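*Asks:* using only what follows, build the 3D model:
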Amino acid sequence: MRRVVFLFLMAAVLLLINSCGNSNSKVAGSTRDINVVRQNADGTISLYLQTADCYNNEVDPSGNTAEWNVVVSKSGRYNVWISSSTKDTNNLNYKNNVMVSIQDARLEKHPKCDKIIHNTNEVTYPYFRADSFLGSMYIQDTGLFNIQVISEKIMPKDFNPQNGSQADFSKLISVSLTPVVR
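*Replies:* Take a look at the predicted model:
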């Protein structure tokens, strides 16, 4: 009887050790596998929607959200630009403001066409890339941050405009933070 109890306890201990080892390796692996965007050597932070974690609501797209985990290695003031894909370079057809938030800093503005970029590989004809300046924000600390953008122009990856007029169709394609140099 003692031998059976001893074998049972040994089997339970081995199972416990083995299961703990597996859970630790999964946790360690998941923290290493986080999709992280790193700041470029020139200080620019480029965030593309295709690499973002997105939340889309087809009924009320005003709360559509894109998030990135970003390693900021240089603190300071940054100009915030968004790039949109559009056919109408006079009107991007944003109904609501675009909001960008990092930590406690938040920037909110209605985008307009500040620059039109021709012949870019980010969009194909008949679309153009329109860059919009949203403002500047100060990032005080360095480290890993969550950057969040909220806009109705954050579309699902498989989104195709419906039949009919597509003249007013535009979508957000990227966000750039460029360091302000004095």
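*Asks:* how does the protein divide into domains?
*Replies:* Using automatic domain parsing, the domain parsing of the chain gives 1-33, 36-179.
*Asks:* just say which of those is most tucked in.
*Replies:* For these, the largest average neighbour count (mean count of other Cβ atoms under 10 Å) is found in domain 36-179, namely a mean of 15. Just so you know, the C-beta spots here come from the backbone N, C-alpha and C atoms, and that holds for glycine as well.
*Asks:* tell me which helix or strand comes right after the helix or strand bottoming out on mean pLDDT in the chain.
*Replies:* Every helix and strand of the chain was ranked by mean pLDDT, DSSP states H and E. The lowest is helix 2-32, at a mean of 47. Where DSSP states H and E defines the elements, the next helix or strand beyond helix 2-32 is strand 36-38.
*Asks:* picking that back up, lowest average pLDDT across the domains of the chain?
*Replies:* Across those, domain 1-33 has the smallest mean pLDDT, namely a mean of 48.
*Asks:* and M155, its phi and psi?
*Replies:* Main-chain torsions, M155, degrees, to the nearest 10: phi -100, psi 150.
*Asks:* now it: how far from S85?
*Replies:* Distance, M155 to S85, using Cβ to Cβ, to the nearest Å: 10 Å.
*Asks:* which residues are common contacts for these two?
*Replies:* K171 (Cβ atoms under 8 Å, 6 or more residues apart in numbering).
*Asks:* mind listing the strands for the chain?
*Replies:* Taking DSSP state E as the test, the strands found in the chain are 36-38, 45-48, 53-55, 65-72, 76-86, 98-102, 105-109, 115-117, 128-139, 143-150, 170-179.
*Asks:* so who does the closest residue to V175 other than its chain neighbours touch?
*Replies:* In space, and not counting its chain neighbours, V175 is closest to L47: 4.4 Å by Cβ to Cβ, 6 or more residues apart in numbering. Contact analysis of L47 by Cβ under 8 Å, 6+ apart lists 37, 66, 68, 70, 147, 149, 174-177.
*Asks:* repeat that with 10 Å
*Replies:* 37, 66-68, 70, 82, 100, 147, 149, 174-177 (Cβ atoms under 10 Å, 6 or more residues apart in numbering).
*Asks:* and T89, by the same measure?
*Replies:* 113, 116, 128-130, 170.
*Asks:* kindly report the same for Q103.
*Replies:* By Cβ under 10 Å, 6+ apart, Q103 lies in contact with 72, 137, 139-141, 143, 145-147.
*Asks:* dump the residues you listed into TSV; add distance to G43 as well.
*Replies:* As requested, the contacts of Q103 are arranged in TSV below (distance: Cβ to Cβ, whole Å):
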residue	distance to G43
V72	10
M137	14
I139	11
Q140	15
D141	15
G143	15
F145	15
N146	19
I147	15
